[in-house]
Every structure is written in structure tokens, then in C-alpha cells.
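# My questions concern the predicted model and sequence given below.
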Number of protein chains: 2
Amino acid sequence: MDQERPVKLSDISKALNLSVSTVSRALNDSHEIGEETKRIVQSYASKVNYRPNLIAQSLKEMNTRYIAIIVPEISNSFFAEIVNGVEFVANNQGYHVVIYQTHDSTEREINIIRDVARRKADGLLLSPSTNQTDVNEVMKSIGAKLPVVYFDRVPSDNYCHKVVCDNYQAAFEATSWLIQQGKRRIAHMAGPSGISISIERLAGYSAALLHAGISVDPNLIRYSNFLAREAWDNLRDLEEKYQPDAYFASSDRLSFYCYEAVQMLPEPRATEVKIVGFTNATFAHLLRPKLSAIVQPAFEMGKIAAEMLLNTITKKNKNIEYGFIKLPAVLKNTE
Amino acid sequence: MDQERPVKLSDISKALNLSVSTVSRALNDSHEIGEETKRIVQSYASKVNYRPNLIAQSLKEMNTRYIAIIVPEISNSFFAEIVNGVEFVANNQGYHVVIYQTHDSTEREINIIRDVARRKADGLLLSPSTNQTDVNEVMKSIGAKLPVVYFDRVPSDNYCHKVVCDNYQAAFEATSWLIQQGKRRIAHMAGPSGISISIERLAGYSAALLHAGISVDPNLIRYSNFLAREAWDNLRDLEEKYQPDAYFASSDRLSFYCYEAVQMLPEPRATEVKIVGFTNATFAHLLRPKLSAIVQPAFEMGKIAAEMLLNTITKKNKNIEYGFIKLPAVLKNTE
DNA sequence: GTGAAAGCGCTAACAA
DNA sequence: TTGTTAGCGCTTTCAC
């Protein structure tokens, strides 16, 4: 019946009266093994259901043939699509993808990075959390062996691989569209200050306002971390004091918080206040009134990031050329 | 500056003029090592940023301290929450969780299971796809070494660990609620036939109809795989021929397809046709008209599944007692 | 064309 | 208390 313990090379070598090395070579289809021997070994191996122990293989070969990706939350469609793009490319090249979630905790993120290094992943895709300095620290401490590609939130320096969408452009277009709809008091629900995406989106928003001759009112700009609490406080305060006639939300979650808050307002504000936000949620278009969506090319971003990473993994000794790819986002649900 | 290659035990042992085993023991805080030596070794190790190679450790110890979970799609909130429940428990016990997606492909699923076995995960959480026989086949072929807990979609036999929600009860309540709303021609958008959840949900739906004295019309029951195409064809056909006054949808995706299809109908049907469906989507409550939701206790299910799995992993030699946990789902958004 | 043996980095039984 | 050594399962150099 079924073997109790997985069969290994030495089991086969004993059964067939061959050396372990011959068996290994035969299974790896080495040219220095006779056709006849190969046939015998391979057919016996498949008969007894031999599966190489990848742990042993990894230890020997000094690679694991998997890459890790660290995201804040997999339920966020944007990140889920990125992961899918990464898987698409990686699987095609015989790599597996291991997904980690930080749940927006820098502490978790740091532990995960350490773990990824200890487990000898061949590479890492990273969208670092708010606390860039701490993360940089860890990235240094794990040694030079781990190739990294950053995506979405990226460091400002140029000595790393990065894939992003054109946040400035997207924010500019979204804000301009709101202005075209006749909106003037446009609030900006921003993500954590200090990280790349927040800075660029704020810049695009401001530029659009100024371009239209509207002054930028700091009271209408609110930074929120990823806590619902914070976002809601900001929304309540904005409504009490400033009654914006539109919202520009900088993330998936903020978009939905905004939407929900606005829906709870008394009419006619509930239907008149327009919202545009970054979101890749598949069912965003079902909402009425509409939630206008800035959709990022997440799958594409994942593909490109994975390609960059696998390139640096395989081209070990070549001189490194750091890549910086920026893709356009698209504005949808604008009737 | 930074070491080019990760430091290993022998590096430390050389630097400190100690044997590798002493260093190993000192770092593992073995009682047979002098306090003084421990201090020296540990402080030096942290100075040079020593991190044990988990690959080597795994090979030696014959365990990897991680469990794998295979889900159809991480963007599906139901599965994302399950994963979070699993992570919660596993991380607390020092285990990591590796997430795999099948994208509803049996072929992918089988490859993943094989890979999980080859990479020597300590355990597996599995919600097997449609093709149970093929999956069973593989599960057998990988040998007895991999503890498994099934969740959501589970095998019918009793010689395995399972965690599910009470699909029969949930379907019964949902259908009964539609009947209370005065609906009579209630269509059932079912998942793939033959798997546990589909069977149970269909049973609950039928029982509720019969209980209310309504006969079960097979024309109103439509099975769909996970392809949008199939679901849409079913919906169109139902609308053309039978004009149901309500839909009971058996999955997240089907719920949203239904919702979208109904919204596209001419009034007054678009607002009168009621929909209730299984979904854990966070923003389902934002939809107007409402999408009534059967919400599964996914986080809880994940926690329980992980606990069962870690129990069987750690209690190696104890006699196995197979667990079967069934949790209630909740009906929401019913005004 | 095939075998013997070393070694990947670590732990632990056995010696001293 | 510390060192020596074998071995986890595999690949690969070197010898025959």
C-alpha cells in the first residue's frame, strides 16, 4: 500500500543496486547516464512515487525557487491583483510565490522580512509600510543576498528597483474631473503622510486645483492611517466645519469610508456630493450613487515587478541596472 | 560594513575559538552551557547579525514550522478572513502561514498540493475544488506525512478533520426570509453540483420551500461553475423564461452577478426582485437596493481549522480523533 | 557510464 | 562544560 515515509534517493539506489549519484543523475536527465539506466530509474521512481525533498535540494543548491511578496492586506483587490500578476510571471518561470500580510503593522512587516531572509527566499517584492526608516534598517541588516523590488509605496532613492502607477497624473485627472463637475470645495482624504503615494497624490490634487484657479485649503486635506477610527473622525470633522462638495480619496479603504459617510448625510447632500477614489474593487461599479474610481493597472504592475525581480535573481553577476517603471491609472464610473 | 554573505555557525565558532556545537547550544540556550560562554556567544552573534538558516534547520529537524492554506482566490473576502483567522492562531504558536491560490483550477490545485508536500509544510488547510476524486488521488499519493484539515468544501467521509458553516440552516433561513417577503418564484443560483456546500445549500433551500408549501421547480435551480460566462447565461435564461421574483445565490461571486443582472432589468423589477446570497464582502451593505447577505463566521472558521491542524501536528503519536465543527452563519441587510 | 565521497548549515548523540 | 562526529536528502566533483 502507501509508503509510510516518503521515498528518497537512497531507497531507489538500494532497490535498483545503483549508487545514489547515478539515481540522482538519471532523474535529472543527465547526459552522462545511459538511456537504459535512465529508463529503469525513472520508471521505478514514478512507480514508488518518488518526490524530491525540496528542503534538501534548497540547502544544496543555495536557492529555494520561490519569491516572497509582502502586502498590507490580501482582501484589498488592488493587492490581490498585484499578487495575481506576480504569480502569473513567477509560475511561468518555475517559481512559487509566497504571500505575506502585514495588516499595516510595521512590527509584523519587520518580522516577516527577517523570516523571508532566514527562509532563504530567492527574492522579495515589497510595498513598505509607513515607517520607512525602520524597514530600511532591517533591509540592511539581512545582508546583501536578498534581491528586492519595491512596488506601490516606494523609497525615494534611485538605487533600487521600483514599480508604481503615475499617482500624480491620476490624482490630477481625478481632481480635474471633479472640478469639471462644478465642484470647488474638494476635500482630500489622504493616506499616511510621508510615503511616496501620499505625497504624489497630494501634489496631483493641489496642481489640479491651482490649475483651475482654486486655492488649496489645508483644512480640506486630511491624513489618515489605516484605522477606520481616524478616517471617520476626519470625515465627521470635515462635514461639521467645512461641508465639502466633493471628496478625493487616496486608497481603497478611504474611498469606501467616504462613500459610506456621504450616504449617511441628509439629502440632497447624500446624492450631490461626489466622490472619486483610488480603488480596484471589482464591484465598485455597482454602487448608486456612483463611486468614481481611479483604477490602477495592478495585474500589470505585479507582472512587471515579478519580471524585474526574476531578472535580477537569474542575472547574478551582471552589473545591476536599477529599473523604475511608472504606469498610468484609469478613471472610471464617471457616467 | 555589511557582510557579503550571511554569517553561519562555523564563522562564529572560528572567531570565538569554540566548536560549532557549543555555539549552537549556546544560541539555543541549552542548559549544558556555561553562563559565561552563553553570554559571549550570544552577544557576538547579535553583533555580527547571525540569523539561523531555516533551510538547514528544517532539513535537520524534519519540520518547517509553517502550514500551508490553499484557497480558490484571496480577493474573495470569505477566504481572506479565513486566512486571517488561521494566521492569528498559527502565528501565536510560532508557525508561519503560506497562502496558495488555485483560481478554481483543479490542475493548479493538484500541483500546489504536490509542491506543499515536497516543500515539507508541517500541515495543510484545504478547501478542495470541484474535482474531488482527482484531489483525493493526489492526497493519497503524497504519503501519510501531511496532516490535513478541510474547511468550507469538505469530503463526505468521516475520517478527516473538517470545519464548515451550517450551510443547510443558512440556506433554509435565507429562503424562508424571502418567502416571508412574499416571494414565491425563488430561483437558486447554485455552485458546482456534487460538492458539499452546493448539496447542503440546495437542501436547505428546498426544505424551506416545501416547508412553506411551495413546490420545488427544477427550472429555477441553476448550477454554475466559477466562470462569469456560465452564470450570466443562466441568469439571462431564467429572466427570459421564468422571471423569478427572488434569487438565492450560493457564493460571493454569484451574489454579485445576480445583483448586477437584476439591476439591469427594467423597473419595477429592478427594485422589486429581492436577492439574498452568501457573501462576506465588507461593503455589501453599501448597495442600494439592498443585497441581503448570508455572512459566514470566516475568521472563526479559520481559527478553529488552524487549531485542529496544529493539534494534530504537535500531538504526533496520540491516537487520532477526527473533528467535525459546524458553525452558524448570520443573515444580514434585511432592513 | 557509474560510483565514492564531500559538503550545503544545522542539531544531537556520544566522548572526553 | 565542551568537542567530535554523524547525518538530515540532495547534487556534483573527482576518480575509475
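Perfect, I can see it now.
# Quick check: residue A:74 vs residue B:287, distance?
23 Å (C-beta to C-beta, to the nearest Å). Backbone N, C-alpha and C define where each C-beta goes, glycine included.
# neighbour-wise, which of those two wins?
residue A:74 (27 against 20; other C-beta atoms under 10 Å in any protein chain shown).
# show me what contacts the more buried one?
Shown in contact with residue A:74 (C-beta atoms under 8 Å, 6 or more residues apart in numbering or on different chains): A:80, A:83, A:99, A:101, B:74, B:75, B:80, B:83, B:99.
# Repeat that for residue A:110.
A:134, A:135, A:138 are the contacts of residue A:110 under C-beta under 8 Å, 6+ apart.
# The residues you listed, buried ones only, as a ChimeraX selection?
Those of the contacts of residue A:110 that count as buried under 16 or more other C-beta atoms under 10 Å in any protein chain shown are selected in ChimeraX with:
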select /A:135,138
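# So which bits of chain A are right by DNA strand D?
Neighbours of DNA strand D within chain A, by C-beta under 7 Å from any atom of the strand: A:8-10, A:20-21, A:24-25, A:27-28, A:52-53, A:56-57, A:59-61.
# Are we agreed that residue A:331 is in a helix?
No. Secondary structure of residue A:331 (DSSP: H, G, I helix; E, B strand; the rest coil): strand, not part of a helix.
# Correct me if wrong: it contacts residue A:172.
No. Using C-beta atoms under 8 Å, residue A:331 is not in contact with residue A:172, being 10.5 Å away.
# of the two, who's got more company?
More crowded of residue A:331 and residue A:172, by other C-beta under 10 Å: residue A:172, with 21 against 15.
# Leaving out chain neighbours, which residue sits closest to that one?
Counting by C-beta to C-beta, 6 or more residues apart in numbering or on different chains, residue A:172 lies nearest to residue A:204, which is 3.9 Å off, once chain neighbours are set aside.
# next one: residue A:103
Among residues not flanking residue A:103 along the chain, residue A:73 sits closest, at 6.4 Å (C-beta to C-beta, 6+ apart).
# That neighbour: neighbour count?
So residue A:73, with other C-beta under 10 Å, has 18 neighbours.
# now do the one 5 residues further on
Using other C-beta under 10 Å, residue A:78 has 24 neighbouring residues.
# hey, which helix or strand in chain A has the poorest pLDDT?
None of the helices or strands of chain A scores lower by mean pLDDT, DSSP states H and E than helix A:132-141, at a mean of 82.
# what about that helix, distance to the chain center?
Centre-to-centre, helix A:132-141 and its host chain are 18 Å apart (C-alpha atoms, centre = their mean, to the nearest Å).
# quick check, that helix touching chain B?
Yes. Against chain B, helix A:132-141 shows contacts by C-beta under 8 Å from any C-beta of the partner chain at A:140, A:141.
# Tell me the helix or strand right after that helix.
strand A:148-151 (DSSP states H and E).
# and the helix or strand that that next one is followed by, what other elements does it pack with?
Tracing the chain C-terminally past strand A:148-151 and defining elements by DSSP H and E, one meets strand A:161-165 next. The contact analysis (3 or more C-beta pairs under 8 Å, 6 or more residues apart in numbering or on different chains; DSSP states H and E) places strand A:161-165 against strand A:148-151, helix A:298-314, strand A:324-327.
# Could you pull up the contacting residues of residue A:6?
Contacts of residue A:6 (C-beta under 8 Å, 6+ apart): A:51, A:53, B:117, B:142, B:143, B:145.
# that's a strand at it, yeah?
No. Under three-state DSSP, residue A:6 sits outside any strand and is assigned coil.
# roughly how far apart are it and DNA strand C?
Using C-beta to the nearest atom of the strand, to the nearest Å, residue A:6 is found at 17 Å from DNA strand C.
# before we move on, what about residue A:284?
Taking C-beta to the nearest atom of the strand, one finds residue A:284 at 48 Å from DNA strand C.
# now for the helix or strand hosting residue A:43, which elements pack on it?
Assigned by DSSP H and E, residue A:43 belongs to helix A:35-47. Applying 3+ C-beta pairs under 8 Å, 6+ apart, we find helix A:35-47 packed against helix A:9-16, helix A:20-27.
# Residue A:195 contacts residue A:131, doesn't it?
No. Judged on C-beta under 8 Å, residue A:195 makes no contact with residue A:131 at a distance of 9.4 Å.
# Between the two, tell me which one has more neighbours.
Neighbours per residue (other C-beta under 10 Å) separate residue A:195 from residue A:131, with residue A:195 holding more: 20 against 17.
# so who does that one touch?
A:130, A:132, A:153.
# Can you tell me which of the residues you listed is closest to chain B?
residue A:132 (18.8 Å; C-beta to the nearest C-beta).
# From what I see, that closest one and residue A:155 are in contact.
Yes. Using C-beta under 8 Å, residue A:132 makes contact with residue A:155 at a distance of 6.6 Å.
# Next one, pLDDT for residue A:4 please.
Listed pLDDT for residue A:4 reads 67.
# same thing with residue A:144?
Residue A:144 carries a pLDDT score of 64 in this model.
# Show me which residues of the stretch 151-300 of chain A are close to chain B?
So the stretch 151-300 of chain A meets chain B at A:256, A:259, A:260, A:263, A:281, A:282, A:283, A:286, A:287, A:288 (C-beta under 8 Å from any C-beta).
# Swap in 7 Å and give it another go.
A:256, A:259, A:260, A:263, A:283, A:286, A:287, A:288 (C-beta under 7 Å from any C-beta of the partner chain).
# PyMOL command for the buried members of those residues?
To isolate the buried ones among those in PyMOL, judged by 16+ other C-beta under 10 Å, type:
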select buried, chain A and resi 256+259+263+283+286+287
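# Which of the residues of the stretch 151-300 of chain A next to chain B sits closest to residue B:95?
residue A:256 (32.2 Å; C-beta to C-beta).
# Tell me how far the closest one lies from DNA strand D.
According to C-beta to the nearest atom of the strand, residue A:256 and DNA strand D sit 49 Å apart.
# Test my guess that that residue contacts residue B:283.
Yes. Residue A:256 is within contact range of residue B:283, at 5.1 Å (criterion: C-beta atoms under 7 Å).
# Out of the residues of the stretch 151-300 of chain A next to chain B, which comes closest to residue A:65?
Distance to residue A:65, by C-beta to C-beta, is smallest for residue A:283 among those, at 35.8 Å.
# Leaving out sequence neighbours, find the closest residue to the closest one.
Here the residue nearest residue A:283, using C-beta to C-beta, 6+ apart, is residue B:256, at 5.2 Å.
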